[in-house]
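# after the sequence you'll find the predicted model.
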Amino acid sequence: MKKTTILILSAILMILLVNNQENNVVIPKEAIRFRVIANSDKTQDQKLKKQVATSLRKDLSTLLRPGIRLEEARSTLKGKLPELERTIQTTIEQEKETSTYQIDYGNHYFPEKSYRGVVYEAGMYESLVVTLGKGEGQNFWCVLFPPLCLLEAEEEEETTDVEYKSFVKEIIDKYFL
């Protein structure tokens, strides 16, 4: 009985430590971010932002193939801005919207972001930024190089979300917390 109690208390302590641990990960200097900022938080503007982000991610996944090097990614992005602009314009027209937009590749300020339990510090980052209309709404963002969001987009197309649960944690939560 004593061993069981110690084991349970140890498990609870480990779970609490893991759950309370904050992940402060710094995006490496060689990373390139991608951001699409909506005109506003209105439903239609947010929908357009998602459509533009989806369309661009498809184009970008073709341009920034696996194994591409940083310098090649930079020159590709700079050289393909007109094509990316056409993708944005086509998406806006397909959505029967009249929104204006700007696309810019360079250094841009990003506020602190948290994604999948990882905290990304605020700061100036090399990035591809698309601003729709006034750019006053919520935004889509991801890490473009290395192509984390492009790989994630492919996963989203191929699979559905899976939620993993810990049986031990559920029991501890139910009976001890």
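Alright, I've got the coordinates. Numbers count the residues shown, from 1 in each chain.
# what stretches of the protein score poorly on pLDDT?
By pLDDT under 70, the low-scoring segments of the chain are 1-29, 115-116, 150-177.
# tell me how far Gly137 lies from Thr131.
10 Å (Cβ to Cβ, to the nearest Å). For the C-beta atoms, the positions are set from N, CA and C on the backbone; glycine is no exception.
# need the overlap of contacts for these two.
Listed as contacting both Gly137 and Thr131 by Cβ atoms under 8 Å, 6 or more residues apart in numbering are Ile37.
# against which helices or strands is the longest helix anywhere in the chain packed?
The longest helix of the chain (DSSP state H) is helix 43-63. When contacts are defined as 3 or more Cβ pairs under 8 Å, 6 or more residues apart in numbering; DSSP states H and E, helix 43-63 packs onto strand 32-37, helix 81-94, strand 123-132, strand 139-145, helix 148-158.
# which residues touch the first one?
Contacts to strand 32-37, defined as Cβ under 8 Å, 6+ apart, come from residues 27, 49, 52-53, 56-57, 60, 70, 73-74, 77, 108, 110, 125-132, 135, 137, 139-145, 149.
# go again using 6 Å as the cut-off
With contacts defined as Cβ atoms under 6 Å, 6 or more residues apart in numbering, strand 32-37 is touched by 49, 52-53, 125-131, 135, 139-145.
# just the buried members of these?
Neighbour counting over the contacts of strand 32-37 (16 or more other Cβ atoms under 10 Å) leaves 49, 52-53, 125-131, 135, 139-145 as the buried ones.
# pop the domain breakdown of the protein in here.
Annotated domains of the chain cover 2-22+167-176, 26-158 [automatic domain parsing].
# so which of these is the most surrounded?
domain 26-158 (a mean of 16; mean count of other Cβ atoms under 10 Å).
# what sits closest to Glu112 if chain neighbours are left out?
Spatial nearest neighbour of Glu112, chain neighbours left out: Ala122 (4.3 Å); criterion: Cβ to Cβ, 6 or more residues apart in numbering.
# all set, thanks.
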